[in-house]
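Asker: here's my sequence, what's the structure:
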Amino acid sequence: MPFGTSHSDTFSLSQTSFKYLFMKKSLFILFVSLIVSAHAQEEIVVTIKNKSFSIGEVPAFVSFIPEANYAQVAKAWEKYLEQGTKEKMLFENGEYVILSKAYEKVSSTPLNIYAYLKEYERELLLVCAIQMNGEFISKEMDEEIYIPAKKYVRDFAVESYKNAVSDKIKEEEKVLKKLESDKNQLTLQKENILSSINQYERNTITKQDDITLNKLDLSNKVIQIQAQKELILQLANAGEEAQEEAEKVLKDMEKDFKKLQKANENLHQDIAYNESQIRLEESSKKGIESQLKFLQLDIDDQEYKLRKLQQKLEDIQ
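Answerer: The predicted model follows:
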């Protein structure tokens, strides 16, 4: 025992180490369980139960098919029964019957198959009894017969479940495509608005340059008018004709000055109009940006939903 360490101290340290290791191991187990649950396999189970048919109560393979469409599965089941044989399936009172079906994977002896489908909430029940040499296949029979027969039913159930999930994926892909189309349209609207804002801004800059030039022209015209008025005063003792000509020139100058003033007012009005349009476009842009934000959230949710469905499809066994 180290110097200065009592038995009680050692026991306390041991307890602390044990607690630390226990917590560490517990966290590891939790982490592993989360990984496993995140990639849980979607397994189709086939069991044997006594079920009632038109021929009486017999052992039958029973399996639930989640999320499947009754009409689609019924049609696929008919094709599945007739696959690999020339015999025709009979359907009467909700029961599928095919006699003398050749299926070498189970036996070289022809099989009689009786089956029916029942629809429940979000899943279908497939019940299938397989008869060989007058005896219905069950767990008590040779594994070389029982296992392939069970696989025959399970393969169909697995394929039907995969088809159901695949159909769901196609539906959700259409939803995603519509959302992305809406996003593209909104994005295009936003780009058009930005282009419009740029045009108004460029037009405003041009108008401001025109105002600067207009002010110079007004200043020059004021100087010219003042000079012309002084000339008229100087011509007061000159001939009447010279004075009338000078006054006519002054009137033309004053008309030009008023035109320049009107042009100045119009330029300012154009700028005010551009600024009002920019405010409207900015408001529209903010509205579209808000729509795009929420739309992107919907797209992210839809992509997550599709990823989960794809994972489910991959995990079906």
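Asker: SS state for the closest residue to residue 55 other than its chain neighbours?
Answerer: Nearest residue to residue 55, sequence neighbours excluded (CB to CB, 6 or more residues apart in numbering): residue 114, at 6.5 Å. Where you see a C-beta, it was placed from the backbone N, CA and C, and this is true even at glycine. Three-state call for residue 114 (DSSP: H, G, I helix; E, B strand; the rest coil): strand.
Asker: can you check the pLDDT for residue 114?
Answerer: Per-residue pLDDT puts residue 114 at 97.
Asker: look up how far residue 303 lies from it.
Answerer: 45 Å (CB to CB, to the nearest Å).
Asker: same deal with residue 218?
Answerer: Separation of residue 218 from residue 303 (CB to CB) stands at 62 Å.
Asker: same thing with residue 289?
Answerer: Residue 289 is 21 Å from residue 303, by CB to CB.
Asker: same question for residue 128.
Answerer: When CB to CB is the yardstick, residue 128 and residue 303 sit 38 Å from each other.
Asker: the two: who's more crowded?
Answerer: Under the criterion of other CB atoms under 10 Å, the comparison of residue 128 against residue 303 puts residue 128 first, with 25 against 14.
Asker: what secondary structure does the residue sitting furthest away from the middle of the chain sit in?
Answerer: Distance from the centre of the chain peaks at residue 237, with 91.2 Å (CA atoms, centre = their mean). In terms of secondary structure, residue 237 is coil; the call rests on three-state DSSP.
Asker: please enumerate the helices of the stretch 151-300 of the chain.
Answerer: 240-315 (DSSP state H, counting those that start in this stretch).
Asker: hey, what's residue 91 bridged with?
Answerer: On the basis of DSSP bridges, residue 91 is bridged to residue 96.
Asker: I'd assumed residue 78 was in contact with it.
Answerer: Yes: contact criterion CB atoms under 8 Å: residue 91 and residue 78 qualify, at 7.4 Å.
Asker: coming back round to it: and the residue farthest from the centre of the chain, backbone torsions?
Answerer: As for residue 237, its main-chain torsions (degrees, to the nearest 10) stand at phi -100, psi 0.
Asker: ok, residue 126 next?
Answerer: Torsion angles, degrees, to the nearest 10, at residue 126: phi -110, psi 120.
Asker: what about it, distance to residue 95?
Answerer: The gap separating residue 126 from residue 95 is 13 Å, by CB to CB.
Asker: quick one: common contacting residues for these two?
Answerer: By CB atoms under 8 Å, 6 or more residues apart in numbering, residue 126 and residue 95 have these common neighbours: residue 115.
Asker: who has more neighbours, the two?
Answerer: residue 126 (25 against 15).
Asker: show me what contacts that one?
Answerer: Going by CB under 8 Å, 6+ apart, the list of residues near residue 126 reads 62-65, 73, 77, 115, 117, 153, 156-157, 160.
Asker: beta-bridge partners for it, please?
Answerer: Applying DSSP bridges to residue 126 yields these beta-bridge partners: residue 63, residue 117.
Asker: so who does the closest residue in space to residue 247 that isn't next to it in sequence touch?
Answerer: Nearest non-adjacent residue to residue 247, counting by CB to CB, 6+ apart: residue 232, 6.0 Å away. By CB under 8 Å, 6+ apart, residue 232 lies in contact with 243, 246-247, 250.
Asker: ok so, going back, let me know the closest of the contacts of residue 126 to residue 45.
Answerer: Residue 45 lies nearest to residue 63 out of the contacts of residue 126, by CB to CB, at 6.7 Å.
Asker: can you count the residues close to that closest one?
Answerer: By other CB under 10 Å, the residues close to residue 63 number 21.
Asker: now do residue 98
Answerer: Residue 98 has 20 nearby residues by other CB under 10 Å.
Asker: Validate this expectation: it resides in a helix.
Answerer: No: Residue 98: not assigned to a helix; according to three-state DSSP it is strand.
Asker: look up how far residue 77 lies from it.
Answerer: 11 Å.
Asker: for residue 114, same thing?
Answerer: According to CB to CB, residue 114 stands 12 Å off from residue 77.
Asker: between these two, what contacts are shared?
Answerer: Shared contacts of residue 114 and residue 77, counting by CB under 8 Å, 6+ apart, come down to residue 96.
Asker: mind listing residues that contact stretch 143-153?
Answerer: 46, 48, 61, 63, 103, 105-107, 126, 128, 130, 132, 137-139.
Asker: how about 6 Å then?
Answerer: 46, 61, 105-106, 128, 130, 137 (CB atoms under 6 Å, 6 or more residues apart in numbering).
Asker: and those, which are buried?
Answerer: Neighbour-count burial (16 or more other CB atoms under 10 Å) applied to these gives 46, 61, 106, 128, 130, 137.
Asker: in strands only, show me these.
Answerer: Among these, the ones falling in strands (DSSP state E) are 46, 61, 128, 130.
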